[in-house]
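**Q** For reference, the sequence and a predicted model appear below.
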Number of protein chains: 2
Amino acid sequence: MEKSATLYLVPVGMSDAPYSSVLPAGNGEIISRLKYFIVENVREARRFLKRVDPGIDISSLRFFELNRHTDSDAVAGFLEPLRRGDDMGVMSDAGCPAVADPGALAVAIAQEEGFRVRPLVGPSSILMAIMASGFNGQGFSFRGYLPIDDSEKAEALKRYENESRRNAMTQIFIETPYRNSKLLKFLTDHLSDSTLLCVACDLTDPDKEFVRTLNPAGWRRLMSSDPSAVNIDKRPAVFLIYAGDRMEVQQTKRKNHYHKRNSINKHR
Amino acid sequence: MEKSATLYLVPVGMSDAPYSSVLPAGNGEIISRLKYFIVENVREARRFLKRVDPGIDISSLRFFELNRHTDSDAVAGFLEPLRRGDDMGVMSDAGCPAVADPGALAVAIAQEEGFRVRPLVGPSSILMAIMASGFNGQGFSFRGYLPIDDSEKAEALKRYENESRRNAMTQIFIETPYRNSKLLKFLTDHLSDSTLLCVACDLTDPDKEFVRTLNPAGWRRLMSSDPSAVNIDKRPAVFLIYAGDRMEVQQTKRKNHYHKRNSINKHR
């Protein structure tokens, strides 16, 4: 069914946490066998590989850089080693590759050509934020970035908030880190009083991590009473909102099965 | 800002893979310190804990069962140890807790009462399926189960397919395992010719795992030429569809920022 070479999706750390607390030991064994890597940034990739395997011979490895500067027509060429039968790895600058980064194009081409694709386990800020938010993990949408323009941002936010209320779907956003505080302020100013907002910041960092869920009034109180506690500028953060019924989050796999059907009947 | 006790979200395995290939070693150190657990199934939880720490004294641990049979009014009571200052763990039967299982209600209450919540790293079939699909990882929706009734299912599928095409959003579903083959057939019969369908099955299982992305015609060919290769009944599987532009998947973080703004202008 599949060709013999494998494209491995290799998660990396996303904080100063020791790798033993965020990456399975087994990943290292696989990584040490790979000679070809598609990476978001070669320097970061080299640093990661040296930390995983201090004895690694970096000069024997070949790197292909896939980032926002990469001509997408060049990406198919990066997979030449796979076609010759050599396994390859895909790595992002932080967390899991092909989620919220450009690596997915390499995966898409590998899938199209019938190569085996194996995702390895590692930290994902989006997934960990969903887990820790207390929001519905049985229905969620990752929306990437909100529009920059304030009126467009308010309009998009209203649309996602309505979608969350109507279908009990958790809505997830990210922001460029230096705009995080501005977005937090915007969210607390524009969300309905009853919508919950979760901020997940510095995930996996044993000292700086926090994941906090409050309503807009709770966030405003916190921002005025303890501004340093919510100083999230230039720190990696994920924003989540939930306007659905709280009981939806407890529905279990099977119950959910029937429940969803009913809620679709009810809502549409 | 937060109270002293911590609610840990503890991922477990989801296949016969050795834990060293799917769980960071650091998780074990945290788990060994915990005395109180909120779990989907006590027997499964005990088995997991014994495998993580063979010397563990199970009789000294206290378990609270949170699953579809649990009265939701009882869940707040499960957090008593946290209120007394003891750390607790939340575990699902497979993969990451509070994603596609009932554990999120315990997290919601812990957040409401201001306890620290710390998600640990582990395998998530949804996230790993997104990574390996080659689909857009910069915008995606997890929809849980499709409706059971065929005409409702077809209608929901059309709606999600349109949403995928319009906003380049990957759409993700699950099914009760004994209906997996039926759903695969349904999807290949009802999706547009140009929509891509990914099936991610037995993730993390070193022998049985496959993640395959094809168009409906490709799936039909595979099902008739090699039925055993796509016999997914009673095997854990995630289904993903993508009807957006392929180039969307390469848009990078910053480019995406502007791009999304433009696409919102364009589409709405």
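**A** Perfect, I can see it now.
**Q** what residues are up against residue A:209?
**A** Listed by Cβ atoms under 8 Å, 6 or more residues apart in numbering or on different chains, the contact set of residue A:209 reads A:15, A:201, A:202, A:203, B:118. (Each C-beta comes from the backbone N, C-alpha and C, glycine too.)
**Q** And it, how far from residue A:232?
**A** Plainly put, residue A:209 is 12 Å away from residue A:232 if you go by Cβ to Cβ, to the nearest Å.
**Q** With residue A:174 instead?
**A** 12 Å.
**Q** more crowded one of these two?
**A** When residue A:174 and residue A:232 are compared for neighbours, residue A:174 comes out ahead with 24 against 20, by other Cβ atoms under 10 Å in any protein chain shown.
**Q** Isn't that one up against residue A:238?
**A** Yes - the pair residue A:174 and residue A:238 passes the contact test of Cβ atoms under 8 Å, sitting 6.0 Å apart.
**Q** what about residue A:59, how many neighbours?
**A** 5.
**Q** Tell me where the stretch 51-200 of chain A has helices.
**A** Here the stretch 51-200 of chain A has its helices, by DSSP state H, counting those that start in this stretch, at A:75-78, A:80-83, A:104-112, A:125-133, A:150-167, A:180-190.
**Q** residues near residue A:91, how many?
**A** Neighbours of residue A:91 using other Cβ under 10 Å come to 27.
**Q** And the pLDDT at it?
**A** For residue A:91, the model assigns a pLDDT of 97.
**Q** List the residues that contact it.
**A** For residue A:91, counting by Cβ under 8 Å, 6+ apart, the contacting residues are A:10, A:12, A:37, A:38, A:39, A:40, A:45, A:48, A:97, A:103.
**Q** Could I get the pLDDT score of residue A:1?
**A** Note on residue A:1: pLDDT of 47.
**Q** er, residue A:263 actually
**A** The per-residue pLDDT reported for residue A:263 equals 34.
**Q** What of residue A:208?
**A** 94.
**Q** so how far is chain B from the residue nearest to it when sequence neighbours are not counted?
**A** Excluding its sequence neighbours, the residue lying closest to residue A:208 (Cβ to Cβ, 6 or more residues apart in numbering or on different chains) is residue A:202, at 3.9 Å. Residue A:202 sits 12 Å away from chain B, going by Cβ to the nearest Cβ, to the nearest Å.
**Q** List the contacts of residue A:202.
**A** Residue A:202 makes contact with A:15, A:208, A:209, A:210, A:235, A:236, A:237, according to Cβ under 8 Å, 6+ apart.
**Q** at 10 Å instead, please
**A** A:14-17, A:125, A:208-211, A:232, A:235-237 (Cβ atoms under 10 Å, 6 or more residues apart in numbering or on different chains).
**Q** do the same with residue A:123
**A** Neighbouring residues of residue A:123 by Cβ under 10 Å, 6+ apart: A:11-15, A:17, A:21-23, A:94-96, A:203-204, B:24, B:119-122.
**Q** do the same with residue A:58
**A** Neighbours of residue A:58 in contact, by Cβ under 10 Å, 6+ apart: A:45, A:46, A:47, A:49, A:50.
**Q** tell me the SS of the fourth one?
**A** With DSSP: H, G, I helix; E, B strand; the rest coil as the basis, the three-state label of residue A:49 is helix.
**Q** Now for it, how many residues are close by?
**A** Neighbour tally, residue A:49, other Cβ under 10 Å: 24.
**Q** Against residue A:173, how distant is the residue nearest to residue A:155 when sequence neighbours are not counted?
**A** Closest residue in space to residue A:155, ignoring its immediate chain neighbours: residue A:147 at 7.9 Å, by Cβ to Cβ, 6+ apart. With distances taken as Cβ to Cβ, residue A:147 is found 11 Å from residue A:173.
**Q** Strands of chain A, start to end?
**A** Here chain A has its strands, by DSSP state E, at A:6-9, A:36-39, A:62-65, A:88-91, A:116-119, A:140-145, A:170-174, A:196-201, A:210-214, A:237-242.
**Q** These into a markdown table, with extra columns for distance to residue A:153?
**A** Output for those, formatted as a markdown table (distance: least, Cβ to Cβ, whole Å):
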| stretch | distance to residue A:153 |
| --- | --- |
| strand A:6-9 | 32 |
| strand A:36-39 | 32 |
| strand A:62-65 | 32 |
| strand A:88-91 | 32 |
| strand A:116-119 | 33 |
| strand A:140-145 | 10 |
| strand A:170-174 | 10 |
| strand A:196-201 | 15 |
| strand A:210-214 | 20 |
| strand A:237-242 | 12 |
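**Q** Report the buried residues of stretch A:213-221.
**A** Going by neighbour count (16 or more other Cβ atoms under 10 Å in any protein chain shown), the buried part of stretch A:213-221 is A:213, A:214, A:215, A:216, A:218, A:219.
**Q** burial count for the nearest residue to the fourth one once chain neighbours are set aside?
**A** Excluding its sequence neighbours, the residue lying closest to residue A:216 (Cβ to Cβ, 6+ apart) is residue A:188, at 4.5 Å. The local packing of residue A:188 (other Cβ under 10 Å) involves 20 other residues.
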